[in-house]
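Asks: Provided below are the primary sequence and the corresponding predicted coordinates.
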Amino acid sequence: MELIKRIKQAEQQAQEIIEQAKAEAARQAEEARQRRRQLKDVAEQQRKKTTAEAVAQAEAQAHQEVGKLKTRAQKQRQELHKKVDSKMAGAVTKVTSYLGAHFAESP
């Protein structure tokens, strides 16, 4: 009788150990899922941050390049105006001389 009682008690303890092991395994699995979710969230936040920083840096570089191009274009326009202005006076003089000479000969 005592032996049967011990066997039943041992079976009950074994069943409790199995249930505890299942519960512990389920808890550990849930913790692992939560850690993976957290790591995924952190990675996603880092990706967004890195992307935003890269976009901001690209925008800053683009604005800087636009400024340089505008400055260069302005200098080229000024140089072109100077060349045209210097040639304009000579052209006007030639046209005026030609017209003056041409109309001076006509009665």
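Replies: Yes, it's here.

Asks: rest of the way, CA atoms for contacts and neighbours
Replies: Noted.

Asks: Okay, residue 23 and residue 36: tell me how far apart.
Replies: According to CA to CA, to the nearest Å, residue 23 and residue 36 sit 20 Å apart.

Asks: before we move on, what about residue 53?
Replies: Residue 53 is 25 Å from residue 36, where distance means CA to CA.

Asks: Can you show me the helices along the protein?
Replies: Ranges of helices in the chain, per DSSP state H, are 2-105.

Asks: in it, which ranges drop under the pLDDT threshold?
Replies: Applying pLDDT under 70 to the chain picks out residues 104-107.

Asks: could you redo the last one with a cut-off of 80?
Replies: 100-107 (pLDDT under 80).

Asks: Need the residue closest to the centroid of it.
Replies: residue 55 (2.6 Å; CA atoms, centre = their mean).

Asks: Now do the same contact list for it.
Replies: Not one residue lies near residue 55 by CA atoms under 8 Å, 6 or more residues apart in numbering.

Asks: same thing but 10 Å
Replies: 49, 61 (CA atoms under 10 Å, 6 or more residues apart in numbering).

Asks: what's the distance between it and residue 78?
Replies: Taking CA to CA, one finds residue 55 at 34 Å from residue 78.

Asks: before we move on, what about residue 54?
Replies: 36 Å.

Asks: Residue 87 now?
Replies: Distance of residue 87 to residue 78, computed by CA to CA: 14 Å.

Asks: Could you do residue 38 as well?
Replies: Residue 38 is 60 Å from residue 78, where distance means CA to CA.

Asks: got it, and residue 61?
Replies: For residue 61, the distance to residue 78 (CA to CA) stands at 26 Å.

Asks: any idea how far residue 98 is from residue 91?
Replies: Applying CA to CA, the value for residue 91 to residue 98 is 10 Å.

Asks: Over to residue 10?
Replies: Taken as CA to CA, the span from residue 10 to residue 98 is 127 Å.

Asks: what do you get for residue 84?
Replies: 20 Å.

Asks: Please apply the same query to residue 47.
Replies: 73 Å.

Asks: before we move on, what about residue 11?
Replies: Applying CA to CA to residue 11 and residue 98 gives a distance of 126 Å.
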